[in-house]
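Asks: need the 3D shape of this:
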Amino acid sequence: MSGKDTIFSDPLDNVKAFEFDQTVVEVFPDMIERSVPGYKTIIQGISELAEKFIQVDSNIYDLGCSLGAASLSIRQKVPEPSCKIYAIDNSSAMVERCRLIQASYNFDMPIEVIEGDINQCDMCNASIVVLNFTLQFLPLEDRLPLVKKIYDSLRPGGILILSEKLQMQSEEIDEAIIDLHHKFKKRNGYSDMEIAQKRAAIENVLIPDTREAHNKRFESAGFSSFETWFQHYNFVSFLAIK
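Replies: Presented below is the predicted three-dimensional model:
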């Protein structure tokens, strides 16, 4: 059972860089729900896209799976026992909890939860790959190689679902949208201090790209068909088809 996110509710003399440790695991569902506009819609949409694009006898990869919300949603929606989900994350705390969550459900589609570096994992015969708010945490130089590796692992007609926080091209618009996002978090019960301390903690950990950078990366990786299928403020999800 997850608790309420109060990680930044007290004033901190030294705000540490954000990391997905046990403290975050304990409050992660609440943190995501109160911080990411449209998160439930994205998770539901991922399963609906999976239902449409899944191919028999193929693999599904949930990269940077955290607690496995996308994997769980796909397993609930797509009863395809010939396919297998590989849910991969480099946080041991996340992986341990994800295994417990996934094991508590009995679905036809098997899942393997793996602790590992998504940049190093082997992928093949994929019909669906999910990067749900994961790419933004990787160093900039690692992003294109990973997207290219995903493209190479996909079957023809396979898809990449990529959800990210965007940086707007216009600085003026970017600041306005960030302000709307902060108001969203305040409506969900976060204080100004919590918002400021979380922003300081994540500032050099989450580096957002512009939409143009994402589109250019899709093209460079080999995708010829890609589009935004969801956006709320500066949170967006792309669909790219091989």
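Asks: you'd agree Ile74 is up against Ser127?
Replies: No - Ile74 lies out of contact with Ser127 (CB atoms under 8 Å); the separation is 11.0 Å. C-beta coordinates here come from the backbone N, C-alpha and C atoms, glycine included.
Asks: so which of those two has more stuff around it?
Replies: Ile74 (29 against 23; other CB atoms under 10 Å).
Asks: check what contacts the helix or strand encompassing the more buried one and list those residues.
Replies: In this assignment (DSSP states H and E), Ile74 forms part of helix 69-77. Here helix 69-77 makes contact (CB atoms under 8 Å, 6 or more residues apart in numbering) with 32, 43-44, 46-48, 50-51, 60, 62, 65, 85, 87, 101-102, 105, 107, 109, 111, 128, 130, 132.
Asks: residues of that helix that come out buried?
Replies: Residues of helix 69-77 classed as buried by neighbour count (16 or more other CB atoms under 10 Å): Ala69, Ala70, Ser71, Leu72, Ser73, Ile74, Arg75, Lys77.
Asks: how close does the fourth one sit to Ala50?
Replies: Which is Leu72. From Leu72 over to Ala50 the distance is 12 Å, taken as CB to CB, to the nearest Å.
Asks: what are the ranges of the strands in the protein?
Replies: Taking DSSP state E to define them, one finds strands in the chain at 59-63, 84-89, 111-115, 126-132, 154-165, 225-232, 235-241.
Asks: name every strand pairing with the first one and say which way it goes.
Replies: The pairing partners recorded for strand 59-63 under DSSP bridges are strand 84-89 (parallel), strand 126-132 (parallel).
Asks: what would these look like in TSV with distance to Asp142?
Replies: Shown next, in TSV, are the strands paired with strand 59-63 (distance: least, CB to CB, whole Å):
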stretch	distance to Asp142
strand 84-89	15
strand 126-132	12
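Asks: quickly compare those strands and say which is most buried.
Replies: strand 126-132 (a mean of 25; mean count of other CB atoms under 10 Å).
Asks: dump that one to PDB, restricted to CA.
Replies: Extracted in PDB, the C-alpha atoms of strand 126-132 (Å, rounded to 0.1, in the frame of the first residue of the first chain):
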ATOM      1  CA  ALA A 126       9.400  -6.600 -30.200                       C
ATOM      2  CA  SER A 127       6.000  -5.400 -31.200                       C
ATOM      3  CA  ILE A 128       5.700  -2.800 -28.400                       C
ATOM      4  CA  VAL A 129       8.300  -0.800 -26.500                       C
ATOM      5  CA  VAL A 130       7.300   1.600 -23.800                       C
ATOM      6  CA  LEU A 131       9.400   4.500 -22.500                       C
ATOM      7  CA  ASN A 132       7.000   6.100 -20.000                       C
END
